[in-house]
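Peer 1: Requesting a structural model of the entry that follows:
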Amino acid sequence: MAVRTFQPPNFPPPRGYANGALGSGRSMLAVAGQIAWDADGRIVSDDFAAQFDRALANVVAVVRAGGLGPADVLQVRIYVTDKKEYLAATKEVGAAWRRHMGRHYPAMALVQVAALLEDRAKVEIEALCVKATP
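Peer 2: Numbers count the residues shown, from 1 in each chain. I've put the predicted structure just below:
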């Protein structure tokens, strides 16, 4: 299978990775872990819910740039640096999820990690997508 990597418009340039990798036939898309970066590569907030919202928006931006949509998301992995912070923000996290993904709930995993690469990042989200058949 041939793989094409791509960069969504208005994203900071990646360093040593691709934000999206699309399989041949545009049927499978892997989304690299997305954090709460804005177009200038800055973390948008120190608030967990705001970071979750932006990271998920970035995931959906990569999905759309690859020609797929939120309904094509097969699996999501969410990495958090503090599960208590995640649990305290579940209402806001749920609202952000519905805003970006609607009522589509793919297979998911939530993993607490010691740290993320970017010091201020509290959440990182990656996804695997498969083009839904019409």
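
Peer 1: And the helices in this protein?
Peer 2: Counting by DSSP state H, the chain has helices at residues 48-65, 83-88, 90-101.

Peer 1: Can you give me the buried ones in the second one?
Peer 2: Applying a neighbour-count criterion of 16 or more other CB atoms under 10 Å, the buried positions in helix 83-88 are 85, 86. The way it works is simple: take the backbone N, C-alpha and C, and place the C-beta from them, glycine included.

Peer 1: Once you drop chain neighbours, what's closest to residue 114?
Peer 2: Here the nearest residue to residue 114 in space, its sequence neighbours aside, is residue 81; by CB to CB, 6 or more residues apart in numbering that works out to 7.5 Å.

Peer 1: now swap in residue 70 and tell me
Peer 2: residue 101 (4.7 Å).

Peer 1: winner for burial among the helices of the chain?
Peer 2: Comparing these by mean neighbour count (mean count of other CB atoms under 10 Å), helix 48-65 ranks first with a mean of 22.

Peer 1: how about CSV for the helices of the chain, with distance to residue 128 added?
Peer 2: Shown next, in CSV, are those (distance: least, CB to CB, whole Å):
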stretch, distance to residue 128
helix 48-65, 10
helix 83-88, 21
helix 90-101, 14
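
Peer 1: Quick one: those as CSV, columns for mean pLDDT too.
Peer 2: Output for the helices of the chain, formatted as CSV (pLDDT from 0 to 100):
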stretch, mean pLDDT
helix 48-65, 97
helix 83-88, 98
helix 90-101, 98
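
Peer 1: Let me know which of the ones you listed is the nearest to residue 75.
Peer 2: The closest of the helices of the chain to residue 75 is helix 48-65. By CB to CB, the value is 11.7 Å.

Peer 1: any idea how far the nearest residue in space to residue 35 that is not next to it in sequence is from residue 37?
Peer 2: Of all residues not flanking residue 35 in the chain, residue 121 sits nearest, at 4.3 Å (CB to CB, 6+ apart). With distances taken as CB to CB, to the nearest Å, residue 121 is found 9 Å from residue 37.

Peer 1: Overlap in contacts, these two.
Peer 2: residue 43 (CB atoms under 8 Å, 6 or more residues apart in numbering).

Peer 1: I appreciate the help and will end here.
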